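Colleague: Curious how this folds, go ahead:
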Amino acid sequence: MSYIEIRNLKKSFGNNVILDGVDLDIEKGEVVAIIGPSGTGKSTLLRCLNLLEKPESGTLKVDGREYDLTTKKGALKRTIRRESSMVFQQFNLIKHKNALQNVEEGLRAVKKLRKDEARARALTELEKVDMSDRLYHYPKHLSGGQQQRVAIARSLAMDPNLLLMDEPTSALDPELVGEVLLSIRRAAKAGNTTLLVTHEMNFVKSVANKIIFLENGKIVASGAPKDIFGFPENERLKEFLSKINMLEGAEYNI
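Modeller: A predicted model of the protein is given here:
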């Protein structure tokens, strides 16, 4: 039995099938990266696991605890959401709260920690992402990279069983990407079980334990980075990686 088990996850928008019976196993401490063309359901998969989207079918098992992702029960939804924590593309910080308060918020409201406990944990997580010198800065006074690091600290502070990251660098200027990737790398090294959607292929090669290639709502290839990038067997995966390599080469030739 795997630490995380996702079974028969299906999601459609009208007649458009986005996820078509996805099954996925994730081991404890593993970093699994989802790659694939735009519009193939990568972000939707994460959003279904966190119940930001309601799938037509699907179960999530976490360390032996099984949940029906189609549930309508509010209490069960809150329980499922406590199993995971999500880092979004657009940071989603509370604008009228400073960095420290943004991290404390979930610890007080969801974890029900005392104020001193929440503050201590928030300070620890902000230090891990090198934001100790920006504790009292509000989002509008932080760069995009700094806001995303606060968002990562906020998610890690919740001590989730599954950390979900939805293209955490896509909204950043290129010069800010590195600082966020460093924070993610540290989280991975600390043993956080992570499901990551990203277009940063070099980063995926260095940090992921397993890569899945998603297309048309199905996992059509999966494996270790050395196999996916070095010996891709699926023809569609080969085509996708070839285009990625061409784009990366063009960037360097500008």
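
Colleague: mind checking the end-to-end distance for stretch 85-103?
Modeller: Taking CA to CA, to the nearest Å, the span from the opening residue of stretch 85-103 to its closing residue is 12 Å.

Colleague: who's in contact with the nearest residue to Tyr136 once chain neighbours are set aside?
Modeller: On the basis of CB to CB, 6 or more residues apart in numbering, the spatially nearest residue to Tyr136 that is not a chain neighbour turns out to be Asn98, at 4.9 Å. Heads up, the C-betas are built off the backbone N, CA and C, glycines and all. Asn98 sits next to Leu135, Tyr136, His137, Tyr138 when contact means CB atoms under 8 Å, 6 or more residues apart in numbering.

Colleague: all helices for the protein, in order.
Modeller: The residue ranges that make up the helices of the chain, judged by DSSP state H, are 42-49, 74-83, 99-109, 115-128, 144-157, 174-189, 201-207, 225-230, 235-253.

Colleague: which stretch among those comes nearest Gln89?
Modeller: helix 42-49 (8.1 Å; CB to CB).

Colleague: what distance separates the closest one from the centre of its chain?
Modeller: Averaging C-alpha coordinates over helix 42-49 and over its chain gives two centres that are 9 Å apart (CA atoms, centre = their mean, to the nearest Å).

Colleague: for stretch 143-162, same thing?
Modeller: Put simply, stretch 143-162 sits 10 Å off its chain's centre (CA atoms, centre = their mean).

Colleague: what do you get for stretch 148-164?
Modeller: Relative to the chain's own centre, stretch 148-164 is displaced by 9 Å; criterion: CA atoms, centre = their mean.

Colleague: before we move on, what about stretch 70-82?
Modeller: Here stretch 70-82 shows a centroid-to-chain-centroid distance of 19 Å under the convention CA atoms, centre = their mean.

Colleague: got a list of contacts for that stretch?
Modeller: With CB under 8 Å, 6+ apart as the contact definition, stretch 70-82 has outside contacts at 50-51, 54-58, 60, 67-69, 110, 158, 160.

Colleague: Using CSV, lay out the residues you listed together with neighbour count.
Modeller: Output for the contacts of stretch 70-82, formatted as CSV (neighbours: other CB atoms under 10 Å):
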residue, neighbour count
Asn50, 20
Leu51, 19
Lys54, 14
Pro55, 24
Glu56, 14
Ser57, 14
Gly58, 23
Leu60, 24
Tyr67, 18
Asp68, 14
Leu69, 25
Val110, 13
Met158, 20
Pro160, 20
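
Colleague: Cross the residues you listed against strands and list the overlap.
Modeller: Secondary structure of these is defined by DSSP state E; positions in strands are Ser57, Gly58, Leu60, Tyr67, Asp68.
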